[in-house]
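>>> Structure, please.
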Amino acid sequence: MTDQLASPGRLRELFSPASIALVGASDTSGWALNVYNSLRTGGFAGRFTPVHPRHPTAFGLATRSSLRALEEPADLAFVLAPTQAVEEVVYDAAAAGTRNLIILAAGFGEQGEEGRELERRLVDTAAAHGITLLGPNGLGFINATAHVAPYALTLSPPLIAGPVGVVLQSGALASAVLGFARGHSIGLSLLISMGNEGMVTTADVIDYLIDDEATRVIALFLEEIRQPARFAAQARRALAAGKPIVALKVGRSPAGQRVALAHTGAVAGDDAVVDAALRQLGVIRVRSLEELLVTAGLLGFAPPLTGRRMGVVTASGGACDVIADRAHEEGIEIPEFAPETVAALKAVLPPFTSPRNPLDVTGYGLAHLAGAARPITASLGAVSRDPNVDFVLNLGVVVPPVPPPDAAALEARLDEQVAIIAVSPVPVVPATTMCADLTEYSRGLLLPRRLHLLAGLDLGLTAIGHALRWQEKRQILPAKSGEYPAQPGEDRPRWLQEQPSGVWPETAGRRLLELTGVPMVPAVLAESEVEAVAAATRLGYPVALKACAAGLAHKSDVGAVALGLSSPADVRRAYARIRRMAAEGVLVSPMRRGGHELLAGVTVDATFGPVLAVGLGGIWVEALRDVAMRVLPIDSSDAHEMLGELRAAPLLRGGRGEATVDLDRLAEVLLRLSQAVALVGPSLQALEVNPLWCRGDQVEGLDVLVVTALEDG
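Numbers count the residues shown, from 1 in each chain. Predicted coordinates for the structure are as follows:
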């Protein structure tokens, strides 16, 4: 029932009311005054009715004693009633025919089990009467496109409509977000404070924004991802629709990381998994509110950036230096200009300038020469036509904070820039050198001309890097169901179904990997010294001995491993020591020399489920933390991307004289490992191959750890 009440269709009704009632309206209530003034600032032109059971007037308007006393049902009621009175207002709304409510009051789910029960009853009551409820503990929303702003904090003018939809799982940040957006002319389609998400959830609003024609980019402030499978499906749908999702997901603290038996669990803490999942889904993750809004603004206003070759036009040599450094950090190329571009630039610039990329036209470039286009404008035209660039970063749009003496000439220069940008064969991204708020005068120059200035070089180049990576992800992300492979049924081998929970003996782990074709180093289980020596002789010295027993996770930590044994005497001595810890026997396997040792392992994240990690293995995995991750399922492109993300990738490609590792073979092993995860099913807690030894086209697991828990039911 609540799904229907929070559908995109019902949310369109919630976010675009023609009539609004304010329950609890009073001249002495700061909350009520804020809502009333926000509606006026937002330009609401519909019917507004204050409601209060005792005050006859509010804001100079006659009140009604209840929603039922209205002549016509209000499309939306903003409820300022205290916590204990909210449920009664829901009954009043149901009787009045009001279908949408915003609940400001706190004291519900955020206040423990008693509050959660109160919230459940409130939502159930609303749902039973067909009422869509936003909140509780929410500040409302601002629909700039429809000029509706039932919002309970101070809303400063102007309210700028635009392509960015903002969803906040934090009400108090809304004013800061609005202030920054206003200061940088980042127009919003919708901003919503979610509150407790008792009925309408963040996921519901994302669905609405994906469908909303006024929204080109979705900006999220997330404290948690409550419906990960649905979120993943939405991310893919948004990517297919060409609507970027930009997310500030908080919770990077090590305190949020889980401790697990496997090394992978120690590395794949909650935030690392979130980071991997968002990257995998094509969601842009940012680290600050400023980065969130600047990135969303670029994606909302600029044409798609489809290539990494950037041309730069500026009037500052220092800015060129900053741009070159930040571009390198973001993987943005600054190519040489084509000969025809150099010739065109020489024709409009003085001889003391250097017509190279990034281009510094100097202060001369800003001058106006009688009867000629300004040099910086002519330079922009030439650079935008250069065949070697995919887009242009333009610092030639300069707007003062107050009207200059030559205001008419300034507007003419801006119009020149607009004309060049309009006919440019590649996207032109206007930007400022520093991130400073625009004044009312400067906004008045930019908005009518549909000019959006990227706020500062640092945030601006970061945003461009995000936009490029998003566009590349959109081109390569395969269509996936988003569901983990079907869980194994009764056709699994009986021994696998009967495997006890906990840490498996290594023999069982090796047997599991054999079922999916993960290659393992040859090994023989010896139950006596004689068998151990015979196995070592057959396999070839030097050899390794390992205790094999259930419950034994990290063998080296307890002395249950002996390496580099080169004679029968060495084997006998090691066997006698290790056998005491080996309930099932001692595994004998040949040593592998040279090559590289990786880790490949899977843990089960509480939010996203099974997560695959690959990185430098052996003793280095936790020391260097060079790890790439993906939420399962993965495909071949995911596996290759993971290997390419490692800082150790140059070593795998044959750095320092080493043999090149067969990356296709290695990627195939990662895929087969993920299939083993599906074979175990929901009881899996960890599956780790460490080390995964690689040399040339040889890939072998040298040790395997499997940990399972009791299955439900």
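
>>> show me where the stretch 201-350 of the chain has strands.
Taking DSSP state E, counting those that start in this stretch, the strands of the stretch 201-350 of the chain run over residues 217-222, 245-249, 284-285, 310-314.

>>> got TSV for these, with distance to residue 432, mean pLDDT and mean neighbour count too?
Where C-beta positions appear, they are placed from N, C-alpha and C, glycine not excepted. Output for those, formatted as TSV (distance: least, CB to CB, whole Å; pLDDT from 0 to 100; neighbours: other CB atoms under 10 Å):
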stretch	distance to residue 432	mean pLDDT	mean neighbour count
strand 217-222	20	97	26
strand 245-249	20	97	24
strand 284-285	21	98	22
strand 310-314	11	97	25
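
>>> would CSV of those with distance to residue 326 be doable?
Compiled in CSV, these are given as follows (distance: least, CB to CB, whole Å):
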stretch, distance to residue 326
strand 217-222, 22
strand 245-249, 19
strand 284-285, 17
strand 310-314, 11
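
>>> How is the chain partitioned into domains?
2-215, 303-476, 522-590, 596-708 (automatic domain parsing).

>>> now the ones you listed as JSON lines including distance to residue 283?
Converted to JSON lines, the domains of the chain look like this (distance: least, CB to CB, whole Å):
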{"stretch": "domain 2-215", "distance to residue 283": "11"}
{"stretch": "domain 303-476", "distance to residue 283": "9"}
{"stretch": "domain 522-590", "distance to residue 283": "34"}
{"stretch": "domain 596-708", "distance to residue 283": "12"}
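
>>> Compare the ones you listed and report which one is nearest to residue 514.
domain 596-708 (9.5 Å; CB to CB).

>>> Run the chain-centre distance for stretch 311-321.
Remark: stretch 311-321 is offset 31 Å from the chain centroid, using CA atoms, centre = their mean, to the nearest Å.

>>> Residue 533 and residue 569 touch, don't they?
No - assessed by CB atoms under 8 Å, residue 533 is found out of contact with residue 569, at 9.1 Å.

>>> what about those two, which has more around it?
residue 533 (20 against 10; other CB atoms under 10 Å).

>>> Could you find the closest non-adjacent residue to that one?
Closest residue to residue 533 apart from its sequence neighbours, by CB to CB, 6 or more residues apart in numbering: residue 568 at 4.7 Å.

>>> Touching, the one you found and residue 542? I think so.
No - the criterion here is CB under 8 Å, and residue 568 misses it with residue 542 at 11.9 Å.

>>> For residue 103, give the beta-bridge partners.
Applying DSSP bridges to residue 103 gives these bridge partners: residue 79.

>>> show me what contacts it?
Each residue near residue 103 by CB atoms under 8 Å, 6 or more residues apart in numbering is listed here: 79, 86, 122, 133, 134, 135, 136, 137, 138, 195, 198.

>>> cutoff 10 Å now
23, 77-81, 83, 86, 89-90, 119, 122-123, 126, 133-138, 140, 195-196, 198-199 (CB atoms under 10 Å, 6 or more residues apart in numbering).

>>> One more: residue 278?
Residue 278 neighbours (CB under 10 Å, 6+ apart): 222, 225, 231, 232, 235, 245, 247, 249, 284, 285, 631.

>>> From residue 304, how far out is it?
Residue 278 is 20 Å from residue 304, where distance means CB to CB, to the nearest Å.

>>> Repeat that for residue 27.
Taking CB to CB as the measure, residue 27 falls 50 Å from residue 304.

>>> hmm, back to that, ok, the residue nearest to residue 533 - contacts?
Contacts of residue 568 (CB under 10 Å, 6+ apart): 529, 532, 533, 534, 536, 537, 541.

>>> which residue ranges form the strands in the stretch 551-700 of the chain?
Under DSSP E, counting those that start in this stretch, the stretch 551-700 of the chain gives strands at 561-565, 585-590, 596-605, 609-616, 627-631, 684-695, 698-701.

>>> mean confidence score for the longest one?
For strand 684-695, the mean per-residue pLDDT is 94.

>>> what angle sits between it and strand 596-605?
Relative orientation of strand 684-695 versus strand 596-605 (axes from the mean of the first three to the mean of the last three CA atoms, to 10 degrees): 170 degrees.

>>> hang on, the earlier thing: which among the strands of the stretch 201-350 of the chain is found nearest to residue 467?
Here strand 284-285 is closest among these (CB to CB), at 8.2 Å.

>>> Endpoint to endpoint, stretch 522-534 covers what distance?
Chord length of stretch 522-534, first to last residue, is 14 Å (CA to CA, to the nearest Å).

>>> Give me the contacts around that stretch.
505-507, 510, 535-536, 538-540, 543-546, 548, 565, 567-576, 578-579, 582, 584-590, 700, 702-703.

>>> which residues touch stretch 51-64?
21-29, 32-33, 36-37, 40, 48-50, 65-71, 74, 77-81, 85, 89, 92, 96.

>>> now do 8 Å
21-27, 32-33, 36, 48-50, 65-67, 69-70, 77.

>>> and the residues you listed, which are buried?
21-26, 32-33, 36, 48-50, 66-67, 70, 77 (16 or more other CB atoms under 10 Å).

>>> and which of the residues you listed is nearest residue 205?
Using CB to CB, the buried ones among the contacts of stretch 51-64 come closest to residue 205 at residue 77, 19.3 Å.

>>> Helix, strand, or coil at the closest one?
Classification of residue 77 using DSSP: H, G, I helix; E, B strand; the rest coil returns strand.

>>> now it: how far from residue 23?
5 Å.

>>> How about the contacts made by residue 335?
309, 357, 388, 389 are the contacts of residue 335 under CB under 8 Å, 6+ apart.

>>> Closest one to residue 497 out of the residues you listed, please.
Using CB to CB, the contacts of residue 335 come closest to residue 497 at residue 309, 56.2 Å.

>>> if I pick the closest one, what's in contact with it?
Contacts of residue 309 (CB under 8 Å, 6+ apart): 333, 334, 335, 388, 389, 390, 391.

>>> Model confidence for it, exactly?
So, for residue 309, pLDDT stands at 98.

>>> One more: residue 607?
87.

>>> Please apply the same query to residue 595.
The predicted local confidence for residue 595 is 89.

>>> Phi, psi for it please.
The phi and psi values for residue 595, taken as degrees, to the nearest 10, are phi 70, psi -160.

>>> i'd like the first residue to be 210 from this point on
From this message on, residue numbering opens at 210, which makes the last subject residue 804.

>>> my guess is it meets residue 904, correct?
Yes - if you go by CB under 8 Å, residue 804 and residue 904 touch, sitting 3.0 Å apart.

>>> what is in contact with those two at once?
Taking CB under 8 Å, 6+ apart as the contact rule, residue 804 and residue 904 both touch 868, 870.

>>> Flag the shaky bits of the stretch 560-709 of the chain, pLDDT-wise.
572-582, 686-700 (pLDDT under 70).

>>> make that the chain, sorry
Applying pLDDT under 70 to the chain flags residues 210, 461-478, 572-582, 686-700, 827-833, 864-866, 920-922.

>>> circling back to that earlier point, what's the closest of the contacts of residue 518 to residue 316?
residue 600 (51.0 Å).

>>> need the contact list for the closest residue to residue 555 other than its chain neighbours.
Using CB to CB, 6+ apart and skipping the chain neighbours, the partner closest in space to residue 555 is residue 564 (5.6 Å). Residues in contact with residue 564 (CB under 8 Å, 6+ apart) are 546, 550, 551, 554, 555, 558.

>>> what's the neighbour count on the third one?
When neighbours are defined as other CB under 10 Å, residue 551 has 17 of them.

>>> State the distance from it to residue 565.
Between residue 551 and residue 565 the computed distance is 8 Å (CB to CB).

>>> try residue 735
In this structure, residue 735 and residue 565 are 70 Å apart, going by CB to CB.

>>> And residue 613, by the same measure?
When residue 613 is compared with residue 565 (using CB to CB), they lie 31 Å apart.

>>> What values do phi and psi take at residue 394?
phi 50, psi 40.

>>> Of all the domains of the chain, which one comes closest to residue 704?
Comparing the domains of the chain by CB to CB, domain 805-917 comes nearest, at 12.1 Å.
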